[in-house]
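> Below are the sequence and a predicted model; questions follow.
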Amino acid sequence: MSQPFVLVTGAWHGGWAWHAVAEHLRAAGHPVYAPTLPGLSDGDDPTRFSLADVVRSVVELVEGEDLRDVTLVGHSWGGYPITGAAPALAGRLRKLVYWSAFVPAAGRSLYDEVPPQYQELFGMLAGASGNNSVSLPYEVWQAAFMNDASEETQRIVHSLMVPQPYQYFTQTVEPIDPATLGVPVAYVLSEQDVALPPGEYGWARFADRLGVVAQAAPGSHEACFTQPEALAKALLAA
């Protein structure tokens, strides 16, 4: 029986970001689905969708393809869509895996979980955008998100990113209780990931919320580009 993977991207990305990782997972015998979520296709209207629409799209993909024994993976902001979708899909899930991802808490949006400098930056960019979206500045991306790549690679990947609807950062989803969800959960953390600074706002707190020990994987926050084979192995082992 096949054990499919559904890979949910972080902010500013589409399903294209998973291409190299997906190839390694397919080579290991797994069907892979890597959707581009509503509002994150090139040319999408950033004001058109809500976070609830994004959650619904994940549920509809899994149900529409009649997928079972699914490993549902969320990266970064993708922790919000997979958390929102998990209760509706619990009977179809093999495992829920968060990779360097936010694990939602009750009443807390991504905006509430990031350091004050990110809150200020995101709010300022959304206000200046004219369509309530956030385009991550290259300098922030280069230093904190893809710090293990050459400048040429950084610039290419950054040029492919799309504006993130700001409401996806300010709206909330209901958290999961791993003890009652009935689905195993895991947390994979990239070792060079400084997209959130270590300390009070660091990634380590999110594994604690799940009650699991974070499993290390090489690379930065964007290891899907810089360490795809190692990341695929980490997702398979999680």
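Cool, got the structure. If you're wondering where the values come from, they're calculated on a predicted model, not measured in any experiment.

> need the strands for this protein, in chain order.
5-8, 32-33, 70-76, 93-101, 133-134, 164-165, 185-190, 215-217 (DSSP state E).

> Take those strands and lay them out in a markdown table including distance to residue 149.
The C-beta positions use only the backbone N, C-alpha and C, and glycine is treated the same way. Written out in a markdown table, the entries for the strands of the chain read as follows (distance: least, Cβ to Cβ, whole Å):
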| stretch | distance to residue 149 |
| --- | --- |
| strand 5-8 | 20 |
| strand 32-33 | 23 |
| strand 70-76 | 16 |
| strand 93-101 | 15 |
| strand 133-134 | 22 |
| strand 164-165 | 20 |
| strand 185-190 | 13 |
| strand 215-217 | 16 |
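
> can you put the ones you listed in TSV and add distance to residue 121, mean pLDDT and mean neighbour count?
Rendered in TSV, the data for the strands of the chain read as follows (distance: least, Cβ to Cβ, whole Å; pLDDT from 0 to 100; neighbours: other Cβ atoms under 10 Å):
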stretch	distance to residue 121	mean pLDDT	mean neighbour count
strand 5-8	24	98	26
strand 32-33	32	98	20
strand 70-76	16	98	26
strand 93-101	19	98	24
strand 133-134	8	98	23
strand 164-165	12	98	26
strand 185-190	22	98	23
strand 215-217	27	97	16
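
> closest to residue 231 out of these?
strand 215-217 (5.6 Å; Cβ to Cβ).

> helices or strands next to the closest one in the packing?
When contacts are defined as 3 or more Cβ pairs under 8 Å, 6 or more residues apart in numbering; DSSP states H and E, strand 215-217 packs onto strand 185-190, helix 228-237.

> Tell me who's in contact with residue 46.
Under the criterion of Cβ atoms under 8 Å, 6 or more residues apart in numbering, the contact list for residue 46 reads 39, 129, 131, 132, 133, 163, 164, 165, 166.

> residue ranges for the helices of the chain, please.
Counting by DSSP state H, residue ranges of the helices within the chain are 19-27, 51-64, 79-89, 110-113, 116-129, 138-140, 151-160, 167-170, 178-181, 204-210, 223-226, 228-237.

> will you turn those helices into JSON lines that also has distance to residue 6 and mean neighbour count?
Written out in JSON lines, the entries for these read as follows (distance: least, Cβ to Cβ, whole Å; neighbours: other Cβ atoms under 10 Å):
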{"stretch": "helix 19-27", "distance to residue 6": "11", "mean neighbour count": "18"}
{"stretch": "helix 51-64", "distance to residue 6": "6", "mean neighbour count": "18"}
{"stretch": "helix 79-89", "distance to residue 6": "8", "mean neighbour count": "23"}
{"stretch": "helix 110-113", "distance to residue 6": "20", "mean neighbour count": "18"}
{"stretch": "helix 116-129", "distance to residue 6": "27", "mean neighbour count": "14"}
{"stretch": "helix 138-140", "distance to residue 6": "29", "mean neighbour count": "12"}
{"stretch": "helix 151-160", "distance to residue 6": "21", "mean neighbour count": "14"}
{"stretch": "helix 167-170", "distance to residue 6": "18", "mean neighbour count": "20"}
{"stretch": "helix 178-181", "distance to residue 6": "16", "mean neighbour count": "12"}
{"stretch": "helix 204-210", "distance to residue 6": "18", "mean neighbour count": "17"}
{"stretch": "helix 223-226", "distance to residue 6": "15", "mean neighbour count": "24"}
{"stretch": "helix 228-237", "distance to residue 6": "11", "mean neighbour count": "19"}
